[in-house]
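> Build me a structure from this.
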Amino acid sequence: MSAETAAGMLAGKTVLVTGASRGIGRATAEALHREGAHVVLHYGNDKDSAQATADRLGARVKLVQGDLRNPDERRRVWAEAADWRNGVDILVNNAGAWLPSDINDDGAWQQGWQANYELNLLAPADLCREAILGFRERRGGIIVNVTSRSAHRGDDAGHLAYGAAKGGLLALTKGIARGYGKDNILAYAVAPGWVATDIAGDLATDPSVLAGLPLGEVTPAEDVAEVIAFLASGRSRHTTGATIDITGADYVR
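Residues are numbered from 1 along each chain as shown. Okay, here's the model as predicted:
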């Protein structure tokens, strides 16, 4: 075992993971912590789950609560994360929700678009901005944005705004990679399909769904987390700007 492996490929790094109380976020926090990172676990409402994860991981963990739908809260979350260890090295924008935008109802349509814009696009965009400003002072850093296969193919008729917001986040990631590579700022996107999280719900075990998946199973959150951990390590700098699809070949570009 090499010294790098023994210490972990993220030893000494500080990582902010949003939406880390469950699902992909929790699995990512665990993978990053295993690799030696100091992890800021952001959560919105589920304090019990976030605390349980922090207790299980033990040292090198800080909990930060914040409603990312609120611009002031977004700034506070970043500030608390940065204050913990004199800056953040890696941002993982995972927090998000599969919010509907019913085309048949004026109020639901407007509300759905606004909610998706705030949580699934503007919140990660604001955190990316904070990260870039901090990374320029630190002479580099890494952003990993969790988008969706919907960013490529669009979503279903009831979730048009979600697909559009995730498409915007994907474009933002590419723009950051192109615009700030000269500052040693790397940006990657991962685009999962169905993942065994709360969003998938009962679909994760629905035989009719599983029958249509090439691997016969919904993607485990841990599979997504392992890709994020590798990208966060910076071990493939020239992958910056790329999107890694994690769909079990359910959606292949």
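> What residues sit buried inside stretch 90-97?
Using 16 or more other CB atoms under 10 Å as the test for burial, stretch 90-97 gives 90-96. The C-beta positions use only the backbone N, C-alpha and C, and glycine is treated the same way.
> Redo those residues as TSV? Include secondary structure and distance to residue 233.
Compiled in TSV, the buried residues of stretch 90-97 are given as follows (DSSP: H, G, I helix; E, B strand; the rest coil; distance: CB to CB, whole Å):
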residue	secondary structure	distance to residue 233
90	strand	9
91	strand	14
92	strand	12
93	strand	17
94	coil	17
95	coil	22
96	coil	23
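> any idea where the strands of the chain begin and end?
14-17, 38-43, 61-65, 90-93, 141-146, 185-192, 243-246 (DSSP state E).
> what would these look like in CSV with distance to residue 83 and mean pLDDT?
As requested, those are exported to CSV (distance: least, CB to CB, whole Å; pLDDT from 0 to 100):
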stretch, distance to residue 83, mean pLDDT
strand 14-17, 11, 98
strand 38-43, 10, 98
strand 61-65, 10, 98
strand 90-93, 15, 98
strand 141-146, 16, 98
strand 185-192, 21, 98
strand 243-246, 31, 98
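> a markdown table please, covering those strands and showing distance to residue 154.
Shown next, in a markdown table, are the strands of the chain (distance: least, CB to CB, whole Å):
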| stretch | distance to residue 154 |
| --- | --- |
| strand 14-17 | 27 |
| strand 38-43 | 28 |
| strand 61-65 | 33 |
| strand 90-93 | 21 |
| strand 141-146 | 18 |
| strand 185-192 | 13 |
| strand 243-246 | 15 |
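> so residue 186 makes contact with residue 235?
No: at 10.7 Å, residue 186 and residue 235 do not qualify as touching, with contact defined as CB atoms under 8 Å.
> and residue 239, what is it in contact with?
Contacts for residue 239 were tallied using CB atoms under 8 Å, 6 or more residues apart in numbering; they are 188, 231.
> how far away is residue 84 from residue 175?
Applying CB to CB, to the nearest Å, the value for residue 84 to residue 175 is 28 Å.
> so where's the stretch 51-200 of the chain shaky on pLDDT?
The stretch 51-200 of the chain contains residues with pLDDT under 70 at 199-200.
> can you give me the helices for it?
Secondary structure of the stretch 51-200 of the chain (DSSP state H, counting those that start in this stretch): helices at 71-84, 106-116, 123-138, 150-153, 160-180.
> Could you dump those helices into TSV with mean neighbour count and distance to residue 242 added?
As requested, the helices of the stretch 51-200 of the chain are exported to TSV (neighbours: other CB atoms under 10 Å; distance: least, CB to CB, whole Å):
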stretch	mean neighbour count	distance to residue 242
helix 71-84	17	25
helix 106-116	16	24
helix 123-138	20	16
helix 150-153	20	13
helix 160-180	21	8
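> could I get those helices as JSON lines with distance to residue 239?
As requested, the helices of the stretch 51-200 of the chain are exported to JSON lines (distance: least, CB to CB, whole Å):
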{"stretch": "helix 71-84", "distance to residue 239": "25"}
{"stretch": "helix 106-116", "distance to residue 239": "28"}
{"stretch": "helix 123-138", "distance to residue 239": "17"}
{"stretch": "helix 150-153", "distance to residue 239": "17"}
{"stretch": "helix 160-180", "distance to residue 239": "9"}
